[in-house]
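# predicted coordinates and the sequence they were generated for:
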Amino acid sequence: MPQTLSVLPPEQGVRLITLQRPEALNALNTQLLGELAAELDAAEACADTRAVVITGSRRAFAAGADIKEMAERDLVGILEDPRLAHWQRITRFSKPLIAAVNGFALGGGCELAMHADILIAGEDAQFGQPEINLAIMPGAGGTQRLLRAVGKSLAMQMVLTGEPIGARRALEAGLVSEITQPELTVERAVAIARKIAEKAPLAVRLAKEALLKAEDTDLASGLRFERHAFTLLAGTEDRNEGIRAFQEKRRPIYKGR
Ligand code: CO8
């Protein structure tokens, strides 16, 4: 049983994971990251889980890497950091991951939110990369993902000054797709996840993979990947079912094949 997370079993295809280290504003220590990676592995293997929502508390999504734990690691400790493997497992998750963010999403917390495919923020959410204030810098993808999400100027400003941005600015900049009242953030994220959970799983998986390709490949290679993925889906039973259901004016029943 995880001690730093609560996990609700999948309901209508959606699994809800809540970070729970209130004493440290959900700071991401090795245990939490390990438990989160293990839960995502379980969600990956579970046919009833079609999408995952990850959230924190009203006060904090996550206030970053655990500074107390980090202080104990020297250069070699950071080089051989077990957290790296956990981050890699989170990055590999192939099903849709939606972050419902309230309060602080700072440092590793902002980086974790950016691992999600869709970000929904409460009006009071704050996104920031304050590592520079500790004489370090983002280390879980922040420099790369933030720049791709909000562009060079705002990413530079956030990373070099350490100052966070609010939810509205994050929406304008394209870091999040919607903002809600804080008490509705999780509900809205779950509603979006449920909508995705109704779709054909293989189409969702390949569409996600193709969209992520756009972040790290040139246009021609991305288009080639899209064409291959599109062609692959023509061989699935669900594609036939989707088209047949449309023609017969009924809801499709997808099997993930
Ligand atoms: N780590 C550990 N404990 C934390 C953290 C943290 N990141 N953030 C907050 N806490 C603890 C506080 O120490 C405090 O505990 P205690 O009561 O025992 O002193 C408790 O949470 C509540 O915090 P505050 O009293 O400070 O609450 P405030 O409302 O006054 O302030 C803030 C909230 C603004 C969020 C403030 O706590 C803060 O600035 N926190 C640190 C934010 C930060 O700098 N985050 C970046 C950390 S570095 C990082 O994330 C690098 C990632 C690299 C990943 C590499 C992977 C291989």
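Received the coordinates, thanks.
# measure Met114 to Ala99 for me?
Met114 sits 8 Å away from Ala99, taking CB to CB, to the nearest Å as the criterion. From N, CA and C alone the C-beta is placed, and that goes for glycine too.
# please apply the same query to Leu75.
In this view, Leu75 and Ala99 are 31 Å apart by CB to CB.
# higher neighbour count, the two?
Using other CB atoms under 10 Å as the criterion, Leu75 and Ala99 rank with Ala99 on top: 27 against 7.
# please name the nearest non-neighbouring residue to that one.
The spatial neighbour of Ala99 that comes closest, neighbours along the chain excluded (CB to CB, 6 or more residues apart in numbering), is Ala116 at 3.6 Å.
# and the one you found, how many neighbours?
21.
# can you name the residues that contact Val53?
Contacts for Val53 (CB atoms under 8 Å, 6 or more residues apart in numbering) come out as Val14, Arg15, Leu16, Ile17, Ile98, Ala99, Ala100, Val186, Ala189, Val190, Ala193.
# list the contacts of Val176.
Contacts for Val176 (CB under 8 Å, 6+ apart) come out as Val101, Leu119, Ile120, Ala121, Ala125, Phe127, Ala167, Ala170.
# the helix or strand of the chain with the lowest mean pLDDT and the ligand in contact?
Least confident element among the helices and strands of the chain, by mean pLDDT, DSSP states H and E: helix 75-79 (a mean of 86). No. Residues of helix 75-79 contacting the ligand under CB under 6 Å from any ligand atom: none, with a closest distance of 7.2 Å.
# centre of the chain to the helix or strand that that helix is followed by, how far?
Downstream of helix 75-79, the first helix or strand assigned by DSSP states H and E is helix 83-92. Put simply, helix 83-92 sits 12 Å off its chain's centre (CA atoms, centre = their mean, to the nearest Å).
# and if you look at stretch 34-53?
Centroid separation for stretch 34-53 versus its chain: 12 Å, with CA atoms, centre = their mean.
# report the backbone C-alpha coordinates of it in CSV.
This file holds the C-alpha atoms of stretch 34-53, laid out as CSV (Å, rounded to 0.1, in the frame of the first residue of the first chain):
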residue,chain,number,x,y,z
GLY,A,34,8.7,5.6,-6.4
GLU,A,35,5.1,5.0,-5.3
LEU,A,36,3.8,7.2,-8.1
ALA,A,37,5.9,5.4,-10.7
ALA,A,38,4.7,2.0,-9.4
GLU,A,39,1.0,3.2,-9.5
LEU,A,40,1.5,4.3,-13.1
ASP,A,41,3.0,0.9,-13.9
ALA,A,42,-0.1,-0.7,-12.4
ALA,A,43,-2.4,1.7,-14.3
GLU,A,44,-0.5,0.8,-17.5
ALA,A,45,-1.1,-2.9,-17.0
CYS,A,46,-4.8,-2.5,-16.0
ALA,A,47,-7.2,-2.9,-18.9
ASP,A,48,-9.9,-1.1,-17.0
THR,A,49,-7.8,2.0,-16.6
ARG,A,50,-8.1,4.1,-19.8
ALA,A,51,-6.8,7.4,-18.3
VAL,A,52,-5.3,8.7,-15.1
VAL,A,53,-5.9,11.9,-13.2
